[in-house]
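1. What shape does this take:
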Amino acid sequence: MIFNGYVEGIHPATGHKQKHCILTVEARRKEFQKLNLKKVTPLACVQNLKGLLLKPLTDRVPVEPIRRVFNMDDERFIETKDTLARSASMVDLATMPWEVFEHLVAQLFEKIYKDLGGEVRLTRRSADMGVDIVVFYPDPLHGGTIVIQVKHYSTTKVQPSHI
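-> I've put the predicted structure just below:
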């Protein structure tokens, strides 16, 4: 789980709107669930989780988020190609080009989440931070942003370090 905390305001010298990340922290779900949020001191908690925090706030020099959050209008998204309609009933996934395989995986997630109100987006080849597919799932209990990295190698196995 990642949390990026932003503040918005007007830059006093330019009068233009600005938005800065002042807090970023990443924690595994089990680690986060062990926290007693009613009793922690926020600064100590963020430091314990090895997060980054702008202090004091008057410095106004933002911290770099651990990972930027995607939104549905992100310019890194591209259109998904319909690979299912163009393929035979039995497809050899090992011989499929990796780009086609990414589109296939995106289509499979679209089939799962479309009727549930979710939206699936595929990222372009570069500058995707290792992210290939993003699912925006609005379910209030189980929803959120699901980030998927697709691996497709025809000659080698996917290494555990990639996972």
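2. tell me the pLDDT at the spatially most central residue of the chain?
-> Per Cα atoms, centre = their mean, the C-alpha nearest to the average position across the chain is that of Val147, at 4.7 Å. pLDDT for Val147: 85.
3. does it belong to a helix or a strand, and which?
-> For Val147, the host element (DSSP states H and E) is strand 144-148.
4. Direction included, what does that strand pair against?
-> Strand pairing for strand 144-148, using DSSP bridges, gives strand 133-137 (antiparallel).
5. which element is Glu110 on?
-> Here Glu110 is assigned to helix 98-113, by DSSP H and E.
6. which of the residues in that helix are buried?
-> If you call a residue buried by 16 or more other Cβ atoms under 10 Å, then helix 98-113 has these buried ones: Val100, Phe101, Glu102, His103, Leu104, Val105, Ala106, Gln107, Phe109, Glu110, Tyr113. C-beta: built from backbone N, CA, C; applies to glycine.
7. pretty sure the fourth one contacts Glu79?
-> No. Between His103 and Glu79 no contact is recorded; they are 9.4 Å apart, counting by Cβ atoms under 8 Å.
8. Mind listing the shared neighbours of those two?
-> Leu122 (Cβ atoms under 8 Å, 6 or more residues apart in numbering).
9. need the contact list for Pro1.
-> Actually, residue 1 is Met rather than Pro. With Cβ under 8 Å, 6+ apart, Met1 has these contacts: Glu26, Ala27, Arg28, Arg29, Phe32.
10. Number of residues surrounding the last one?
-> Put plainly, it is Phe32. 14 (other Cβ atoms under 10 Å).
11. Could you find the closest non-adjacent residue to it?
-> Met1 (5.7 Å; Cβ to Cβ, 6 or more residues apart in numbering).
12. Give me the residues contacting the helix holding Glu110.
-> 80-84, 93, 96, 118-120, 122, 125, 132-133, 135, 137, 148, 150, 152.
13. Which ones among those residues lie within strands?
-> Under the assignment DSSP state E, those contribute Glu119, Val120, Leu122, Ile133, Val135, Tyr137, Ile148 to strands.
14. separation between the last one and Val134?
-> To tie it back to what came earlier, the one meant is Ile148. Separation of Ile148 from Val134 (Cβ to Cβ, to the nearest Å) stands at 7 Å.
15. Among those two, which residue is more densely surrounded?
-> Neighbours per residue (other Cβ under 10 Å) separate Ile148 from Val134, with Val134 holding more: 24 against 16.
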